[in-house]
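Novice: fold the following and give me the result.
(one chain, ligands or ions: 1)
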Amino acid sequence: MVLSDLKIKMNSLLTTVFDKTEVESFFYLLIDFRLNLNKMDFLLNPNVAISAEDVAFFESAIQKLKSEEPIQYILGETEFYGLQFKVNENTLIPRPETEELVDWIIKDYGHYEEEGRSNLSVLDIGTGSGCIPISLAKNLSGAKVTTVDVSAAAIRVAQQNAFLNEVVINFIQADMLRHTELISVFHSDKFDVIVSNPPYVRNLEKQEINKNVLAYEPHLALFVEDNDALIFYKKITEYALNHLKNEGVLYFEINQYLGLVTVELIKGLGFKTVELRKDMSGNDRMIKAYGF
Ligand SMILES: C[S@@+](CC[C@H](N)C(=O)[O-])C[C@H]1O[C@@H](n2cnc3c(N)ncnc32)[C@H](O)[C@@H]1O
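Specialist: Numbers count the residues shown, from 1 in each chain. Presented below is the predicted three-dimensional model:
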């Protein structure tokens, strides 16, 4: 088989499930991953022969794509904020909306050392692949970054990602819903920044969620009970009130349908200023809270 045959085969097998542009992007991701060839290489030489092992890899990938397994899990990696991250079934696939949250923090703190501040301390709650703490550590030089997750399997992936991206992160396994666990881990430590992208999808929103998310991504990372949808926001805000420095700032990614109630909750618990920001799709998606 040659590369152009593979492209034709992918088109014929996958356009029943995905649109043509998506299938094309899968094709280029797969040949880049497996053969280290980019789009230009393909266009210049579409008749490169593919070895039997490579054909077997592509056929298996096509079957997984047909079953709507996310391409990031098939490749075992993805990109976030310009960095490479390993992912597997125990870690949420990092989303572009979360890059926007990270970017907000980096814009706010990118010059903290030039402003005469030092030893910025950051706590991320809900590690997943480690995309938030690792991209912050990479872009905020000198920052001391700690991250917490209840999932030991997610922490293992994030530790690997910290190593691959050459940053030092303090990893802690703890349940953020149990105050006593977090308090016994951090004692009286105080942070400059606390950030979290906690689980926030209500069960009632399941019908809007694509099959590839529902069937493959960890439900522990995604779902909350309909009748207590803001439980993580409440616990983390209460925790932040005791564990942020006076000038400290709390950042959240939020459920797009719950922007105003989440702002009210955080204000009601004691933060004076709560900014709500939309993501690039125009949905309420991020919060920054300070002053208490
Ligand atoms: C929405 S994911 C976010 C992952 C990553 N920060 C990101 O943005 O891609 C939420 C994370 O919270 C973790 N988590 C869920 N319940 C938790 C709990 N009770 N205590 C600590 N972490 C929890 C999940 O394992 C998951 O990694």
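Novice: give me the next element, helix or strand, following the strand ranked longest in the chain.
Specialist: The longest strand of the chain (DSSP state E) is strand 244-253. Beyond strand 244-253 on the C-terminal side, the first helix or strand identified by DSSP states H and E is helix 259-269.
Novice: contact residues of the stretch 151-292 of the chain facing the ligand?
Specialist: 151, 154, 175, 176, 177, 197, 198, 199, 220, 221 (Cβ under 6 Å from any ligand atom). For every residue, glycine as well, the C-beta is placed using N, CA and C.
Novice: can you do 5 Å?
Specialist: For the stretch 151-292 of the chain, the residues in contact with the ligand (Cβ under 5 Å from any ligand atom) are 151, 154, 175, 176, 177, 197, 220, 221.
Novice: got the residues you listed as CSV, with pLDDT columns?
Specialist: Putting those into CSV (pLDDT from 0 to 100) gives the following:
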residue, pLDDT
151, 98
154, 98
175, 93
176, 91
177, 91
197, 98
220, 96
221, 96
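Novice: list buried residues within the residues you listed.
Specialist: 151, 154, 176, 197, 220, 221 (16 or more other Cβ atoms under 10 Å).
Novice: and the residue of this structure closest to the ligand?
Specialist: The nearest approach of the chain to the ligand comes at residue 128, 2.5 Å away (Cβ to the nearest ligand atom).
Novice: pretty sure that residue belongs to a helix, no?
Specialist: No: Residue 128: not assigned to a helix; according to DSSP: H, G, I helix; E, B strand; the rest coil it is coil.
Novice: and residue 121, how many residues sit next to it?
Specialist: 18 (other Cβ atoms under 10 Å).
Novice: same question for residue 165.
Specialist: When neighbours are defined as other Cβ under 10 Å, residue 165 has 16 of them.
Novice: list the contacts of it.
Specialist: 83, 84, 85, 134, 138 (Cβ atoms under 8 Å, 6 or more residues apart in numbering).
Novice: what do you get if the cut-off is 6 Å, keeping everything else the same?
Specialist: 83, 134, 138 (Cβ atoms under 6 Å, 6 or more residues apart in numbering).
Novice: torsion angles phi and psi at the most far-flung residue of the chain relative to its centre?
Specialist: The outermost residue of the chain relative to its centre, with distances by Cα atoms, centre = their mean, is residue 47 at 37.5 Å. Backbone torsions for residue 47, taken as degrees, to the nearest 10, come to phi -100, psi 20.
Novice: same question, residue 80
Specialist: Residue 80 adopts backbone torsions of phi -150, psi 130, taken as degrees, to the nearest 10.
Novice: tell me how many other residues crowd the nearest residue in space to residue 158 that is not next to it in sequence.
Specialist: Excluding its sequence neighbours, the residue lying closest to residue 158 (Cβ to Cβ, 6 or more residues apart in numbering) is residue 130, at 3.0 Å. Using other Cβ under 10 Å, residue 130 is surrounded by 32 other residues.
Novice: do the one 4 residues further on as well
Specialist: For residue 134, the neighbour count with other Cβ under 10 Å is 28.
Novice: element containing it, please.
Specialist: Using DSSP H and E, residue 134 falls in helix 131-139.
Novice: other residues contacting that helix?
Specialist: 80-81, 83, 85, 94, 102, 106, 122, 124, 143, 145, 147, 161-162, 165, 167, 169, 195.
Novice: what ranges does this structure have for its strands?
Specialist: Counting by DSSP E, the chain has strands at residues 77-80, 83-86, 121-125, 144-149, 170-173, 191-196, 201-202, 223-224, 244-253, 273-278, 284-290.
Novice: right, is the third one up against the ligand?
Specialist: Right, strand 121-125. No: Strand 121-125 does not reach the ligand (Cβ under 5 Å from any ligand atom); its nearest approach is 6.6 Å.
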